[in-house]
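K.L.:
fold the following, please.
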Amino acid sequence: MDFLRGLEMLLDRVVSIRSPLKPRSEGEEQEVLGEIDASKADVSRPVGNGEEVGYAVDGSLRMVSIPYFRLFIAAGVAYANDRVVEAPGTVDVKYVAIQSDDVETLKQLEDIAVVRYRIQGIDKWFTSDLHRDTVGRIVRELVETSLIKFTPKDETLLVDGPLYYGFRSLVELDMMRVEALWERRAVAVVKRLEKSKKLCRAREWLEQHGVSLSNCNDQVATVELGKIYARSVTDVVVFGPFIQRIKSKELPSLPDRYLWYVYSWGAQFRIEAFRADVAERTLPTLLRYRTSLWLPYHIAVVDKLAKEKSRRMFLYVCGKLRARGVSLTYDTLMECHAG
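P.N.:
Coordinates of the predicted model:
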């Protein structure tokens with residue numbers, strides 16, 4: 001494959017880096033929550049046949065860590081009715097980011113890898129003072145956005161992950177994603193709620209519905225609501241829509257988004273959309289076709305495909321680097337052995 005030949009070229013050049021990485025930054029940035037409007041929120045059980053999903057899109061990220069640099073390898077997949085579109089592969093996009101304190105070498109690798117990005121109005125090289133999560137998000141988002149732009153605008157698009165992140169350091173990245181999604185019939189599914197506090201901001205609404213939490217996160221809030229409203233272990237209950245409005249001066253351009261929280265005995269997740277009508281017509285489809293993990297079928301499929309593609313690429317890079325005599329960090333070495 002062409003992209004593998006390009007990866008070989010990148011590895012040949014990146015192993016020349018000999019400036020050790022400085023200790024990494026560990027601080028985790030918190031998202032800007034803004035205001036949560038619960039005036040339209042209700043409790044419902046959508047049933048019947050909803051609108052068909054066209055493509056579903058997801059990305060996956062792997063990190064290869066060496067004492068001198070880090071490689072972030074992103075892979076993405078768009079899936080529709082047994083048709084699979086891959087990036088890299090079907091769609092041509094830079095899919096490897098490099099983090100190193102050797103800026104001169106980063107400059108030489110810019111033609112084949114992502115080595116800098118505009119962050120808060122400044123072109124920032126991927127050196128060790130930038131959190132590794134930020135570097136990973138950037139390259140993964142570039143891959144996912146390339147697939148989003150590939151999809152038809154007149155079909156419902158299902159995205160694994162949020163419509164935007166809402167981090168101050170990623171406003172340019174968020175706007176790139178929003179621009180790609182805005183002109184499409186986009187519905188997002190967020191599977192991880194344990195670190196989010198959006199629903200927690202609707203404290204008055206939660207208390208009106210019998211939920212009062214001192215230490216709140218969105219998964220706990222959804223589970224507590226589910227305990228009150230679910231009629232049986234097979235019942236699926238939807239809470240929303242809530243409207244999130246970002247009014248921070250640092251994030252002036254992010255649009256409002258509608259949020260629904262889905263409770264089932266096996267899983268809880270959030271639905272996001274810029275247009276409430278698109279999500280409400282799609283919700284019955286997402287709830288009707290679910291896997292044994294209780295997740296929407298399309299999301300489960302594209303998640304598995306993206307993870308498998310990134311795993312293959314990760315193992316390929318591990319093998320090539322070790323064949324070149326490159327020493328990997330212990331965690332990376334264990335991941336390589338685990339497959």
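
K.L.:
number of nearby residues for the closest residue to Ala273 other than its chain neighbours?
P.N.:
Excluding the flanking residues, the one nearest Ala273 by C-beta to C-beta, 6 or more residues apart in numbering is Ala279, at 3.6 Å. To be clear about C-beta, it is placed using only N, CA and C from the backbone, and glycine gets the same treatment. For Ala279, the neighbour count with other C-beta atoms under 10 Å is 26.

K.L.:
give me the number of residues near the residue nearest to Glu110 when sequence neighbours are not counted?
P.N.:
Spatial nearest neighbour of Glu110, excluding adjacent residues (C-beta to C-beta, 6+ apart): Arg116 at 7.2 Å. Burial of Arg116 is recorded as 19 neighbouring residues (other C-beta under 10 Å).

K.L.:
can you pull up the bridge partners for Arg116?
P.N.:
Beta-bridge pairing for Arg116 (DSSP bridges): Trp125.

K.L.:
which residues sit against stretch 161-179?
P.N.:
29-34, 58-59, 117-120, 134, 137-138, 141, 144-145, 148, 181, 186, 188-190, 246, 248, 250-251, 253-255, 257, 272-274 (C-beta atoms under 8 Å, 6 or more residues apart in numbering).

K.L.:
tell me which residues in it are buried?
P.N.:
161-171, 173-174, 176-178 (16 or more other C-beta atoms under 10 Å).

K.L.:
same thing with stretch 71-90?
P.N.:
Buried, per 16+ other C-beta under 10 Å, within stretch 71-90: 71-80, 85-89.

K.L.:
kindly export it (C-alpha atoms) in PDB.
P.N.:
Output of stretch 71-90 as PDB, limited to C-alpha atoms (Å, rounded to 0.1, in the frame of the first residue of the first chain):
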ATOM      1  CA  LEU A  71       4.900   8.700  17.300                       C
ATOM      2  CA  PHE A  72       1.100   9.100  17.300                       C
ATOM      3  CA  ILE A  73      -0.500   6.800  14.700                       C
ATOM      4  CA  ALA A  74      -4.100   7.600  13.800                       C
ATOM      5  CA  ALA A  75      -6.400   5.500  11.800                       C
ATOM      6  CA  GLY A  76     -10.000   6.200  10.800                       C
ATOM      7  CA  VAL A  77     -12.900   4.300   9.200                       C
ATOM      8  CA  ALA A  78     -16.200   5.300   7.600                       C
ATOM      9  CA  TYR A  79     -18.700   2.500   7.300                       C
ATOM     10  CA  ALA A  80     -22.000   2.200   5.400                       C
ATOM     11  CA  ASN A  81     -23.900  -0.900   4.400                       C
ATOM     12  CA  ASP A  82     -20.800  -3.100   4.300                       C
ATOM     13  CA  ARG A  83     -18.800  -0.500   2.500                       C
ATOM     14  CA  VAL A  84     -15.600   0.500   4.300                       C
ATOM     15  CA  VAL A  85     -13.600   3.700   3.600                       C
ATOM     16  CA  GLU A  86     -10.300   3.900   5.400                       C
ATOM     17  CA  ALA A  87      -7.900   6.700   6.200                       C
ATOM     18  CA  PRO A  88      -5.100   6.300   5.500                       C
ATOM     19  CA  GLY A  89      -5.800   4.200   2.500                       C
ATOM     20  CA  THR A  90      -8.900   5.200   0.600                       C
END
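
K.L.:
which stretches of the protein have low pLDDT?
P.N.:
Within the chain, the ranges that satisfy pLDDT under 70 run 1-4, 24-29, 250, 252, 339.

K.L.:
and if we set it to 50?
P.N.:
Applying pLDDT under 50 to the chain flags no residue at all.

K.L.:
strands of that one, start to end?
P.N.:
Along the chain, counting by DSSP state E, strands occupy 35-37, 42-44, 56-66, 69-80, 83-87, 96-99, 116-119, 122-125, 156-160, 185-190, 237-245, 257-263, 268-273.

K.L.:
parallel or antiparallel, list what pairs with the fifth one.
P.N.:
Next to strand 83-87 in the sheet, as set by DSSP bridges, lie strand 69-80 (antiparallel).

K.L.:
in the lengthiest helix in the chain, what counts as buried?
P.N.:
Across the chain, the longest stretch assigned as helix under DSSP state H is helix 297-323. Neighbour-count burial for helix 297-323, counted by 16+ other C-beta under 10 Å, picks out 298-303, 305-307, 309-311, 313-314, 317-318, 320-321.
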